[in-house]
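Asker: Here is the input, now give the coordinates:
(one chain, ligands or ions: 1)
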Amino acid sequence: MLEHSIIEELINFYNHSFTIIDKHEKVIYWSDRASEIFNMEKSEVIGKDIKEIFAEDKLAILQTLRNNEVIEKKQHMATKSIYVNLKSVPIIIEGKVEGAIVSEIDVTEQKRQEEEIEQLKNQVSFLTDNVKQLKNEEHFKNIIFKSSIMENLKNQIKRAAKTNANILITGETGVGKELFAQSIHNSSETSGEFIPINCGAIPKHLFEAELFGYEKGAFTGANKEGNKGKLELAKDGTLFLDEIGDMPLDMQVKFLRVLQERKYFRLGGKKEVSTHFRLVSATNKSISELLNSDDFRSDLLYRINVLNIHIPPLRERPDDIESLFYYYLYHLSKKYQTELRYADHSLLNNLRSYHWPGNVRELINVAERLVIFSNEDQLNNNIFDQYLVEVGQSDKTLSVPNLSENLNLKDYIHKVEAEYIKYIVDQNDHNIEKSSHDLGISRPTLYSKMRKFQF
Ligand SMILES: Nc1ncnc2c1ncn2[C@@H]1O[C@H](COP(=O)(O)OP(=O)(O)OP(=O)(O)O)[C@@H](O)[C@H]1O
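Answerer: Residues are numbered from 1 along each chain as shown. Reported below is the predicted structural model:
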């Protein structure tokens, strides 16, 4: 009897709770500390099937019993409002699993404080970005970045802007080609205007009139007074030809002549018009794709691509994601008159690891959804998860490195290894024990690889 009391005292001496179930999954022991953490008396619990007390998917102890495995979890959500660190081990008698025991410590308050610290860190990071942006040169104020890749690119653009050389900006959709074209114009201090044309959006038969303008009565349906073309509007300014790869072939010949001679005729016009403008073009296609294409003249390509500015996709500069996200979150919160809310750690991680095929444009859309639909004080994964389902990206598929990256064998294997480890760890909900088991490596090795691959 005395022994029994001493053991009880010892069990309740520390802050850990203890719960024991038998092989039929019934609770046979429930410590005083368990009663305190979960606010349930022994009488309500002992003898009951543990699944009647907690949701089955939250029960590490059941996994232990059923699979004969030791489980350790940090900040495990035991109920909707309680977080615990836990360790659960099987009870083995004569080689058979006869039950399982779980010990838990309530870390709800710790988690709350960590979240608060994280919010504050986010605020500091957001404010630091803002200060950096204020210090940014006038012409680049609305271009947000943190990565060194983009810092280098900005310096390259500043140098290019000082010249009058033709610039071709390449990069996937939504990376900011037009934004950069505009800042090239702004920083080149020309007296004229920035005139954009989307070559993919103009019907073929209207292209010439749009670019060169026309005299009155030049064709049926034309404006009676005639019309200025974009070339004329861009005089002493910047002509921005977006999607230049979509320019019709016959126009390419005519435009090449303009670039060579700086002279052209308006449609229906007899007098040659001289022009002076800076040319910035942009395309989603790669230079080699344009060179190999029958639909694009290589002589024109050489002319327009005196200086090439390549803007890398967002997934290749994950350091920019958080700054861009908060920048747009801030502006969208103002637009929708809601308070600026910050994202939790897990959402930020997921935003960083998503591959953003639509680049910054897609990130802005996601920020807008979060501002409009999130109900919580802190933005979390719920809305983003729904978005990933919608765009068919919800399953954490294992991606292999792109062959066009031209990696050598060592770097390729390195990338595959990193992807596979990340995939397994994600699949196991960051359970290191289980992940190291699945990967067939020890826990220390897994930890060291995770450090090496920085996740
Ligand atoms: N670094 C950046 N900082 C702030 N906003 C950005 C940045 N990059 C892109 N954006 C924003 O993302 C959106 C898409 O950018 P933009 O239209 O310039 O892309 P694009 O490369 O020209 O796309 P497309 O090829 O589809 O025309 C715009 O709203 C732009 O303001």
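Asker: Any stretches of the stretch 1-150 of the chain with poor pLDDT?
Answerer: 1, 133-138 (pLDDT under 70).
Asker: let's see it at 80
Answerer: For the stretch 1-150 of the chain, the stretches with pLDDT under 80 are 1-4, 128-141.
Asker: Taking it, what residue is nearest to the ligand?
Answerer: The minimum distance from the stretch 1-150 of the chain to the ligand, using CB to the nearest ligand atom, falls at residue 144 (3.7 Å). (Glycine included, C-beta is placed from N, CA and C.)
Asker: That residue touches residue 130, doesn't it?
Answerer: No: the pair residue 144 / residue 130 is not scored as a contact, 10.0 Å apart, by CB atoms under 8 Å.
Asker: Each with direction, which strands does the strand or helix carrying residue 99 pair with?
Answerer: Assessed by DSSP states H and E, residue 99 sits inside strand 96-106. Next to strand 96-106 in the sheet, as set by DSSP bridges, lie strand 17-22 (antiparallel), strand 83-93 (antiparallel).
Asker: number of nearby residues for the residue of the stretch 1-150 of the chain closest to the ligand?
Answerer: By the criterion of other CB atoms under 10 Å, residue 144 has 21 neighbours.
Asker: does it count as helix, strand or coil?
Answerer: coil (DSSP: H, G, I helix; E, B strand; the rest coil).
Asker: Now for it: which residues touch it?
Answerer: By CB atoms under 8 Å, 6 or more residues apart in numbering, the contact set of residue 144 is 129, 133, 320, 323, 324, 327.
Asker: Between all of those residues, which two are separated the most?
Answerer: 133 and 320 (12.5 Å; CB to CB).
Asker: okay, these two: which has more neighbours?
Answerer: residue 320 (21 against 16).
Asker: ok, now which ones touch the more buried one?
Answerer: 144, 145, 146, 147, 150, 314.
Asker: Among these, which one has the most neighbours?
Answerer: residue 314 (27 neighbours).
Asker: Based on its surroundings, how many neighbours for residue 316?
Answerer: Counted with other CB under 10 Å, residue 316 comes out at 14.
Asker: thinking it is in contact with residue 149, fair?
Answerer: Yes: Residue 316 sits in contact with residue 149 when judged by CB under 8 Å, with a separation of 7.3 Å.
Asker: Mutual contacts of those two, please.
Answerer: Overlap of the contact sets of residue 316 and residue 149 (by CB under 8 Å, 6+ apart) is empty.
Asker: that older thread, save the strands paired with strand 96-106 as TSV, and put in mean neighbour count and distance to the ligand too.
Answerer: Output for the strands paired with strand 96-106, formatted as TSV (neighbours: other CB atoms under 10 Å; distance: least, CB to the nearest ligand atom, whole Å):
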stretch	mean neighbour count	distance to the ligand
strand 17-22	21	50
strand 83-93	18	36
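Asker: Including distance to residue 10, could these go into TSV?
Answerer: What follows is the strands paired with strand 96-106, written out as TSV (distance: least, CB to CB, whole Å):
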stretch	distance to residue 10
strand 17-22	11
strand 83-93	17
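Asker: Can I get stretch 88-104 as PDB, trimmed to CA atoms?
Answerer: The C-alpha trace of stretch 88-104 is given here as PDB (Å, rounded to 0.1, in the frame of the first residue of the first chain):
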ATOM      1  CA  SER A  88       4.800   6.900 -26.100                       C
ATOM      2  CA  VAL A  89       6.300   3.500 -25.700                       C
ATOM      3  CA  PRO A  90       4.900  -0.100 -26.000                       C
ATOM      4  CA  ILE A  91       4.700  -2.300 -22.900                       C
ATOM      5  CA  ILE A  92       6.200  -5.600 -23.900                       C
ATOM      6  CA  ILE A  93       5.700  -8.700 -21.800                       C
ATOM      7  CA  GLU A  94       7.400 -11.900 -22.900                       C
ATOM      8  CA  GLY A  95       7.900 -10.500 -26.300                       C
ATOM      9  CA  LYS A  96       4.300  -9.500 -26.800                       C
ATOM     10  CA  VAL A  97       2.900  -6.000 -26.900                       C
ATOM     11  CA  GLU A  98       0.400  -6.000 -24.000                       C
ATOM     12  CA  GLY A  99      -0.300  -2.300 -23.800                       C
ATOM     13  CA  ALA A 100       1.300   1.100 -24.200                       C
ATOM     14  CA  ILE A 101       2.100   4.100 -22.000                       C
ATOM     15  CA  VAL A 102       2.200   7.700 -23.000                       C
ATOM     16  CA  SER A 103       3.700  10.500 -21.000                       C
ATOM     17  CA  GLU A 104       2.800  14.100 -22.000                       C
END
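Asker: Residue numbers of this protein in contact with the ligand?
Answerer: 142-145, 171, 173-179, 242, 284, 324, 360-361, 364 (CB under 6 Å from any ligand atom).
Asker: Counting only helices, which of these make the cut?
Answerer: Secondary structure defined by DSSP state H assigns 177, 178, 179, 324, 360, 361, 364 of those to helices.
Asker: Counting neighbours, what do you get for the residue of the stretch 201-350 of the chain found nearest the ligand?
Answerer: Closest residue of the stretch 201-350 of the chain to the ligand, CB to the nearest ligand atom: residue 284 (5.1 Å). When neighbours are defined as other CB under 10 Å, residue 284 has 17 of them.
Asker: So it sits against residue 174, correct?
Answerer: No: using CB under 8 Å, residue 284 is not in contact with residue 174; the gap is 9.4 Å.
Asker: Show me the common contact partners of those two, please.
Answerer: Common neighbours of residue 284 and residue 174, using CB under 8 Å, 6+ apart, do not exist here.
Asker: Check what pLDDT the closest residue to residue 313 other than its chain neighbours gets.
Answerer: Nearest residue to residue 313, sequence neighbours excluded (CB to CB, 6 or more residues apart in numbering): residue 172, at 4.9 Å. You'll see residue 172 listed with a pLDDT of 95.
Asker: what do you get for residue 222?
Answerer: Residue 222 is given a pLDDT of 61.
Asker: residues contacting residue 176?
Answerer: Applying CB under 8 Å, 6+ apart to residue 176 gives the contacts 143, 311, 359, 360.
Asker: Tell me, how many residues neighbour the first one?
Answerer: Residue 143 has 19 neighbouring residues, counting by other CB under 10 Å.
Asker: My guess is it contacts residue 184. True?
Answerer: No: if you go by CB under 8 Å, residue 143 and residue 184 don't touch, sitting 11.1 Å apart.
Asker: gap between residue 116 and residue 378?
Answerer: Distance of residue 116 to residue 378, computed by CB to CB, to the nearest Å: 10 Å.
Asker: So which of the two has more stuff around it?
Answerer: The neighbour count for residue 116 versus residue 378, taken as other CB under 10 Å, is higher for residue 378 (16 against 11).
Asker: Contacts only, for residue 72.
Answerer: Residues near residue 72 by CB under 8 Å, 6+ apart: 86, 87, 88, 431, 432, 433.
Asker: same deal with residue 162?
Answerer: With CB under 8 Å, 6+ apart, residue 162 has these contacts: residue 188.
Asker: go with 10 Å
Answerer: Contact partners of residue 162, counting by CB atoms under 10 Å, 6 or more residues apart in numbering, are 184, 187, 188, 189.
Asker: Closest one of those to the ligand?
Answerer: Of those, the one sitting nearest to the ligand (CB to the nearest ligand atom) turns out to be residue 184, at 12.0 Å.
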